[in-house]
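# Sequence and predicted model, in that order:
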Amino acid sequence: MADCCPATSTRISRPKKHRCPVNGLEYSNVPIKTILHHVSVPWVREIKEQSYYFCEDPDCNVVYFGWDNTIIEKSDLRQPVWSKTKSPTSLVCYCFGVTQSDALKDPGVKEFVTKKTKENWCACETSNPSGRCCLKDFPSEGRST
């Protein structure tokens, strides 16, 4: 089992940003392992070894797109993506299962997540569909985003 997760890779380096083939806006890259954790039935869908990007536009059905402009849409994922739905029941923190509603009701939730993130107990790279820290997604006090 020592060889189950080799550290070597043949990954090709691409720009950190690329334009969504649907809305034409530029977005940041996201690791393939993030996509593999969110795509429904990843063993059936071909996820090519290339650079992928995360489309944050709530009005665009694309969630991920590849350097070659292949697209992965909302319907291809296991669960809704917060930045695409903005629903009170959607997760804003995927690591600890915090919904927007939870964050609005209890300010201690963000403090908890901040503390656990500083202690390295989060897994944002794979848990959050964006591959980035969720703290920026928390609603501001007194309003929903």
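Structure's in. What do you need?
# what's around Phe54, how many residues?
23 (other CB atoms under 10 Å). Bear in mind the C-beta positions are built from the backbone N, C-alpha and C, glycine included.
# Leaving aside the residues adjacent along the chain, what's closest to it?
Using CB to CB, 6 or more residues apart in numbering and skipping residues adjacent in sequence, the residue nearest Phe54 is Val30, 4.3 Å away.
# residues of the least confident helix or strand in the chain by mean pLDDT that come out buried?
Counting by mean pLDDT, DSSP states H and E, the chain has its least confident helix or strand at helix 82-85, which shows a mean of 88. Buried residues in helix 82-85, counted by 16 or more other CB atoms under 10 Å: Trp82, Ser83, Lys84.
# Kindly report the same for stretch 112-125.
Taking 16+ other CB under 10 Å as the criterion, stretch 112-125 shows Val113, Thr117, Cys122, Cys124, Glu125 as buried.
# Residues contacting it, please?
Residues outside stretch 112-125 that contact it (CB atoms under 8 Å, 6 or more residues apart in numbering): 31, 33-34, 93-96, 98, 131-135, 138.
# List the ones among the residues you listed that fall in strands.
Using DSSP state E, the members of the contacts of stretch 112-125 that fall within strands are Cys93, Val98.
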